[in-house]
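K.L.:
Here is my input; please provide its structure:
(chains A and B)
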Amino acid sequence: MEQPAVATDLFVLLSAVLFMLGAMGVLLRRNAILIFMSVELMLNSANLALVAFARQWNSVDAHTLVFFVMTVAAAEVAVGLALIVAIYRTKHTTDVDDLHSLQG
Amino acid sequence: MELAIFLLVGSVAIFAAVMMLISENPVHSALFLILNFACVAFLYLMLDAEFLALVQITVYAGAIMVLFLFVIMLLGADRLLPKPMPRYNWLTPAAVGIVATLLFVASIAIVESQLNDFEPHHNESLLRVVQSDSDFVLVDVYLDDQLIAEELSFGETSPFEEVPVGEHQITVYQHEDDPSTASPLIEEVFFVEEDNATTLIVLPAPIDGSYLLPVATDLTATEEYGTARLTIVHAADCPQTCIFDIADVTDAAKPPRLFAEELTYGTVTTAETLYRDRYVDQEFEVAAYQAGAIASARAGEEDTSRDIPPLLHHPPFEVKSNHNILWVVTSDTRAQDVFRLHGIFEDVPNRPSFGGAKAIGESLYVDYMLAFQIVGLLLLTAMIGVIVLTKEGEIIPRRRQVRRMAAIPGAPTVEEYLAARESGQRLPPPSGAKQLPESTGD
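P.N.:
Down below sits the predicted model:
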């Protein structure tokens, strides 16, 4: 089998970089909506790695898994944003530092 | 070139991710995230995942990001600006440190693991049998001791069976013969290569008996959409040595177009690509001619090749996209002493192309049906959850706690009390009223 023009490890490296940027976003941003966006970024980078491995192994199973991840991400975003809207109604903020009523 | 495109798109993706992180305005963040998703979709295209690239654009960059923007706008973008003083000052350097360390470790792991040296996964090897020997009425075909085709009559083709890689003994028995006692009609050793599809043709031998002719069948997806492969096998043991020319006779107005010449007994043509959209009604006609007949008809002053009767003509068949067509030219009257040609025609779909919607659909509906159902249920639950969460909460007033006292034995009813009051009598107040007699303690 001939080697593809762009090797798999480059894609995986790019995916690692994007994942870490997403992780940084989750840790650093205090806005709940931005934290959700960063989580999306992390899910996406994981998908990218899966698709790269799918080409490497010539197997479509990983594509199916990516499809499932996308579905779950869509569900998660819908529920998460609904939560943010519900919290905003009562607390009038989306800053996660201000949401500490469960801190005990 | 491809590497340059990858580097360009990859750096745009990283740039967009960084900008998403540091943008003050959440709307800008969302727009940069859309740019990042678009870059990732482009990378999917580079990785032969066309279907996922489209889903990425529609679902992620489309639906999900619209949802994000909608919520940002709903809550008011200006009010979401970060506060000037973050609560935890130590978090920024700590997070950057942790993430940088993780990234460093991950990069070393990726580079050191030599991902590119892994062997790709192989598809199963497939085998089918075409019975083209009219001497045999019904045959069973065994691979080692395993029955792979049963009750094959002349002209029939068995479906593809998955077979393990390696050397195998293939035996053909008369139908209903017991393989442990009966002697086989054909017995041959055949090597099954990996990631391969083979058609075994039961070929009548010129004088007596028969043998198996393996024909490598290319079941990989055709390069171009709307094309099919046609392979022709000469399996007719003519009384005299007969040689065929194979021609495309779709257009009756034009002379036949030769695409395989001087086909001798036991040979296989190279796969001819049929372009679906080039034929009227997508139908294609093929015919076998005596070798040289058409060429000599063309050599004359007038081209009379149209009028030459073909030795064997196959009725028009529909060219289906990404299909593999096999036409075996054989004779069906071997037992009698008349020679007549007969065509065995077999049309099977190729494997779906990697990363296409068809391949993913097959994977979803065949291998991961249960997971697919569960994810569907999850989406439904999420939908219901969202409706419940965002339902305009009418504040339900707490029920005023009116504790109805148990009726005091002997106490008058309201009607009795009112009647007594009207007539000037004094009665203790009815049960449930404010002034109740004090409890006696027991």
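K.L.:
list the buried ones in the longest helix seen in chain A?
P.N.:
Secondary structure of chain A per DSSP state H: the longest helix is helix A:61-91. With burial defined by 16 or more other C-beta atoms under 10 Å in any protein chain shown, the residues of helix A:61-91 counted as buried are A:61-71, A:73-88. C-beta coordinates here come from the backbone N, C-alpha and C atoms, glycine included.
K.L.:
now that helix, how far from the chain's geometric center?
P.N.:
Chain-centre distance of helix A:61-91: 10 Å, with C-alpha atoms, centre = their mean, to the nearest Å.
K.L.:
cool, stretch B:153-169 as well?
P.N.:
Distance, stretch centre to chain centre, for stretch B:153-169: 24 Å (C-alpha atoms, centre = their mean).
K.L.:
CA atoms of that stretch as CSV?
P.N.:
What follows is stretch B:153-169, C-alpha atoms only, in CSV (Å, rounded to 0.1, in the frame of the first residue of the first chain):
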residue,chain,number,x,y,z
SER,B,153,-27.3,-25.9,-12.0
PHE,B,154,-25.8,-25.0,-15.3
GLY,B,155,-25.6,-21.3,-15.7
GLU,B,156,-26.1,-20.5,-12.1
THR,B,157,-23.7,-18.5,-9.9
SER,B,158,-23.3,-18.9,-6.2
PRO,B,159,-23.3,-15.8,-4.1
PHE,B,160,-20.0,-14.6,-2.7
GLU,B,161,-18.9,-16.4,0.4
GLU,B,162,-16.3,-15.2,2.9
VAL,B,163,-13.4,-17.6,3.0
PRO,B,164,-10.3,-17.7,5.1
VAL,B,165,-6.9,-16.7,3.6
GLY,B,166,-4.6,-19.6,2.7
GLU,B,167,-4.4,-22.8,0.6
HIS,B,168,-7.6,-24.7,0.2
GLN,B,169,-8.8,-27.8,-1.5
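K.L.:
one step back: ok, which of the buried residues of helix A:61-91 also contact chain B?
P.N.:
Filtering these for neighbours of chain B using C-beta under 8 Å from any C-beta of the partner chain leaves A:61, A:63-64, A:66-68, A:70-71, A:73-79, A:81-86, A:88.
K.L.:
Any regions of the stretch 101-250 of chain B where pLDDT drops low?
P.N.:
B:119-123, B:207-208, B:239-241 (pLDDT under 70).
K.L.:
from the stretch 51-200 of chain B, which residue is nearest to chain A?
P.N.:
Closest residue of the stretch 51-200 of chain B to chain A, C-beta to the nearest C-beta: B:Ala95 (3.7 Å).
K.L.:
Leaving out sequence neighbours, find the closest residue to that residue.
P.N.:
A:Leu27 (3.7 Å; C-beta to C-beta, 6 or more residues apart in numbering or on different chains).
K.L.:
So that neighbour, which state does it fall into?
P.N.:
Of the three states, A:Leu27 takes helix under DSSP: H, G, I helix; E, B strand; the rest coil.
K.L.:
got a list of what it touches?
P.N.:
Each residue near A:Leu27 by C-beta atoms under 8 Å, 6 or more residues apart in numbering or on different chains is listed here: B:91, B:94-95, B:98-99.
K.L.:
Next: B:Ser23.
P.N.:
B:29, B:32.
K.L.:
Buried residues in stretch B:64-76, which are they?
P.N.:
Buried, per 16+ other C-beta under 10 Å, within stretch B:64-76: B:64-65, B:67-69, B:71-72, B:75.
K.L.:
which residues sit against it?
P.N.:
The contact list for stretch B:64-76, computed with C-beta under 8 Å, 6+ apart, reads A:33, A:36-37, A:40, A:73-74, A:77-78, A:81, A:84-85, A:88, A:94, B:26-27, B:30, B:33-34, B:37, B:80.
K.L.:
try 10 Å
P.N.:
A:31-34, A:36-37, A:40, A:70, A:73-74, A:76-78, A:80-82, A:84-85, A:88-89, A:92-94, B:25-27, B:29-31, B:33-34, B:37, B:58-59, B:77, B:80 (C-beta atoms under 10 Å, 6 or more residues apart in numbering or on different chains).
K.L.:
Put the alpha carbons of it into CSV.
P.N.:
The C-alpha trace of stretch B:64-76 is given here as CSV (Å, rounded to 0.1, in the frame of the first residue of the first chain):
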residue,chain,number,x,y,z
ILE,B,64,-25.1,23.6,16.5
MET,B,65,-23.4,26.9,15.9
VAL,B,66,-26.7,28.5,15.0
LEU,B,67,-28.0,27.3,18.4
PHE,B,68,-24.9,28.8,20.1
LEU,B,69,-25.4,32.2,18.3
PHE,B,70,-29.1,32.1,19.1
VAL,B,71,-28.5,31.6,22.8
ILE,B,72,-25.7,34.3,22.9
MET,B,73,-28.1,36.8,21.2
LEU,B,74,-31.0,35.7,23.4
LEU,B,75,-29.0,36.4,26.6
GLY,B,76,-27.5,39.6,25.2
